[in-house]
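[1] Sequence first, predicted coordinates after that:
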Amino acid sequence: MDMFSHIKDDHVQMVDISGKNDSIRIASARGDIKLRPRTIDAIRNQQVTKGNVLATARIAAILAVKKTPELIPMCHQVSIDAIDISFDVSSTTITVEVIVKSDGKTGVEMDALTGVSAALLTIWDMVKSAEKDETGNYPLTMIQEIKVISKTKEEKSV
């Protein structure tokens, strides 16, 4: 098997999945955003001027999952059957987990990663005024640890 299945000679290509059977595919991805404790308190108490941060981040994640093939050139358009987004809020960090489920020919880990990334970026955008320092920079704000947690494929019985 070629190590780089998207590259052939001098051009890139989408991998041909037409010969694959449909199967249940589930991928989970997670990432964190580090924020000031006062920003976390404002999010918890729904005191952020732009609105409900986690609800907006949830919508961003869903939209991003659905638009992944438009953002990542070699991703296949897949039927998304379910998206689950969860948030874990600590005193200085919000962890976002996105689980994507599809009944199709290819995995959905890129879709889950894209959902996590969009949710984290949305959180940052919504609280950036609270995170800026006196110079207008973000010395403490950080998106980190974006990764695939799990990826499964379950063959369908005939």
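    Noted; the coordinates are in hand.
[2] If you count neighbours, what's buried in the longest helix along the chain?
    Secondary structure of the chain per DSSP state H: the longest helix is helix 109-131. Neighbour-count burial for helix 109-131 flags 109-120, 122-124, 126-127, 130-131 (criterion: 16 or more other C-beta atoms under 10 Å). Using the backbone N, CA and C atoms, a C-beta is placed for each residue, glycine as well.
[3] Mind giving me the packing neighbours of that helix?
    Judged by 3 or more C-beta pairs under 8 Å, 6 or more residues apart in numbering; DSSP states H and E, helix 109-131 is in contact with strand 23-34, helix 37-44, helix 53-71, strand 80-89, strand 93-104, strand 142-155.
[4] and the second one, what does it pack onto?
    Using 3+ C-beta pairs under 8 Å, 6+ apart as the contact criterion, the secondary-structure elements in contact with helix 37-44 are strand 80-89, strand 93-104, helix 109-131.
[5] any low-confidence regions in this structure?
    Across the chain, the ranges flagged by pLDDT under 70 are 1-10, 158.
[6] hmm, try it at 90
    1-23, 73-74, 104-107, 155-158 (pLDDT under 90).
[7] burial of Thr93, as a residue count?
    Burial measure for Thr93: 15 neighbouring residues, criterion other C-beta atoms under 10 Å.
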